[in-house]
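Trainee: build me a model from this:
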Amino acid sequence: MHRSILSAIVTVVLIGFDSARSQEWNCHVDESWTPECTAIPILPEGLCGIPDGAFKDCKELRAIRFPKSVLSIGIASFEGCDNLITVLFQDDSQLVSIGDRAFANNVQLKTIRVPKYVLTIGAAAFDGCVGMATVTFESGARLMSIGNGAFANCESLVSLVAPDNLYHIGNWSFAGASKLQFAFVSGNLQQLGYGAFAGTTNLRAIIFARPVQEIRPKASLGLTGFTTIGKGTFAGSESLASIRIPNGITNIEALAFTNNRFLERVDLPETTQCIDPLAFSGEPTLQNLAFYHDGYQKDGKNRPLTLAEVAIKFNDCKK
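Mentor: I've put the predicted structure just below:
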C-alpha cells in the first residue's frame, strides 16, 4: 500500500461520515454552535467536529474536553494556545482525525493520550509543543499515519511506543525532539520519511519489530528491511557509542554517520559492499573507530579494521 492509497482510504473514511454515518456515531452538525475563547470552553454533546482555526491563538484557553461524538479536530484549531495545559477525550471517543497543526506551539501542553479510533495525526499537529513529555496511545489503537513534522521540536519528549497498526511516519516527524532516548515501532510500519529522527541528539535506541519496506535517507536508526543506509541517516546522533548493522545492508552512503563524536565501534555484516569515504567524517575522533566485520580474520585472528582499511576493502560502489 502506497501513501496515496493510504490517503485515499482516510479520505473515504472521513467522507463517509455523512448523515447515515453521523447517526451511527451519534453526532450532528450544529451550525448554531460557535467557539468561545474562554478558560474551559464547553463543547456540546453530539458535536461532530472542531472547525479549522476554531480556537487558534486563544490565550485564555487552559483546558479542553472533547465529547465522544467528535470525529475530527480541524486544521490549526488549537494552534498557538500558549496556556493550554490539559487535553482530555471522553471515554470511548470516536475521534478519527487530528488535523494539520491542530495543537502546534502549545508550549504548556505536557501530555497527550491519543484515542483508539484515530487513524491519522496530521502534519505538524504537535509541532513546537516544547513541554510535551508524554505521548501515549489507547489500547488497541488503530493509528495508521503520523504526518510530516507531527511531533517536531517536542523538546521534552523522552520515549515513544508506537501502536501496532502504524503504517507511515512522515518526513521530520520527530526532528528536533532533543530529549528523545528510546523509540519502539511495532507492527506494520512500511514508510519512514526523510529526517524522521534528525536532531534527536540523545537517541540511544530505536527498535523496529518488523522489517521496514521503505526507509528514506536521513531517517535515523532504521536498520531492517532495506539495503542502504542513506546520506545523513545518523548525522549528529551524539549519544551513539556503538552500532551493529544487521545482515542485508550492502551500502553506507556519504555522511551517514558524520559528527558522531562518541561513536567507538561499528559491527559490519558480511553483506557489506560499499562504504563511502565520507560516511564517517566530521569528527577527528572517528579516525579511531574500530570496525568489526563478520568473518574477517587476519593471521588467523579476529581483529578490528581501521577506517583507512575499511575505505579500501569496501569500495564496490556502483553509481
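
Trainee: so Thr291 is in which element?
Mentor: Quick fix: residue 291 reads Phe, not Thr. strand 290-293 (DSSP states H and E).

Trainee: show me what that strand is packed against.
Mentor: Using 3 or more Cβ pairs under 8 Å, 6 or more residues apart in numbering; DSSP states H and E as the contact test, the elements touching strand 290-293 are strand 265-268, helix 307-313. C-betas here are computed from N, CA, C, even on glycine.

Trainee: now it: average pLDDT?
Mentor: Here strand 290-293 scores 86 as its mean pLDDT.

Trainee: flag every buried residue along it.
Mentor: Phe291, His293 (16 or more other Cβ atoms under 10 Å).

Trainee: next: stretch 64-82.
Mentor: The neighbour-count check on stretch 64-82 (16+ other Cβ under 10 Å) flags 64, 66-81 as buried.

Trainee: wait, Thr285 sits on Ala241?
Mentor: No: judged on Cβ atoms under 8 Å, Thr285 makes no contact with Ala241 at a distance of 11.4 Å.

Trainee: same question for stretch 132-140, mean pLDDT?
Mentor: So the average pLDDT for stretch 132-140 ends up being 94.

Trainee: quick check: end-to-end length of that stretch?
Mentor: 23 Å (Cα to Cα, to the nearest Å).

Trainee: so for it, what gets flagged as buried?
Mentor: Met132, Val135, Phe137, Glu138.

Trainee: mind putting the residues you listed in CSV, secondary structure and distance to Phe184 included?
Mentor: Below are the buried residues of stretch 132-140 laid out as CSV (DSSP: H, G, I helix; E, B strand; the rest coil; distance: Cβ to Cβ, whole Å):
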residue, secondary structure, distance to Phe184
Met132, coil, 18
Val135, strand, 12
Phe137, strand, 12
Glu138, coil, 16
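
Trainee: between those, which is nearest Thr201?
Mentor: Met132 (17.1 Å; Cβ to Cβ).

Trainee: now do the same contact list for that closest one.
Mentor: Leu109, Lys110, Thr111, Ile112, Phe126, Phe151, Cys154, Ser156, Leu157 (Cβ atoms under 8 Å, 6 or more residues apart in numbering).

Trainee: out of those, which two sit at the greatest distance?
Mentor: So, the contacts of Met132 by Cβ to Cβ: farthest apart are Lys110 and Phe151, at 13.8 Å.

Trainee: when these two are compared, which one has more neighbours?
Mentor: Taking neighbours as other Cβ atoms under 10 Å, Lys110 and Phe151 compare with Phe151 leading, 27 against 14.

Trainee: residues contacting the more buried one?
Mentor: Here Phe151 is in contact with Ala125, Phe126, Asp127, Cys129, Met132, Val135, Leu157, Ser173, Phe174, Ala177 (Cβ under 8 Å, 6+ apart).

Trainee: and of the buried residues of stretch 132-140, the nearest to Thr272?
Mentor: Closest to Thr272, out of all of the buried residues of stretch 132-140 and judged by Cβ to Cβ, is Val135, at 35.8 Å.

Trainee: buried ones only from the contacts of Met132, please, as a ChimeraX command.
Mentor: Filtering these down to the buried ones (16+ other Cβ under 10 Å) takes a single ChimeraX command:
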select :109,112,126,151,154,157
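
Trainee: could I get the contacts of Met132 as a markdown table with pLDDT, secondary structure and distance to Phe314?
Mentor: As requested, these are exported to a markdown table (pLDDT from 0 to 100; DSSP: H, G, I helix; E, B strand; the rest coil; distance: Cβ to Cβ, whole Å):
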| residue | pLDDT | secondary structure | distance to Phe314 |
| --- | --- | --- | --- |
| Leu109 | 97 | coil | 47 |
| Lys110 | 96 | coil | 46 |
| Thr111 | 95 | strand | 45 |
| Ile112 | 96 | strand | 44 |
| Phe126 | 98 | coil | 41 |
| Phe151 | 97 | coil | 36 |
| Cys154 | 97 | coil | 37 |
| Ser156 | 96 | coil | 40 |
| Leu157 | 96 | coil | 36 |
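
Trainee: make a markdown table out of the contacts of Met132 and add distance to Gln94.
Mentor: Converted to a markdown table, the contacts of Met132 look like this (distance: Cβ to Cβ, whole Å):
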| residue | distance to Gln94 |
| --- | --- |
| Leu109 | 22 |
| Lys110 | 25 |
| Thr111 | 21 |
| Ile112 | 17 |
| Phe126 | 21 |
| Phe151 | 23 |
| Cys154 | 26 |
| Ser156 | 29 |
| Leu157 | 26 |
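
Trainee: OK, contacts around Gly122?
Mentor: Ile75, Ser97, Ile98, Gly99, Asp100, Arg101, Ala102, Gly147, Ala150.
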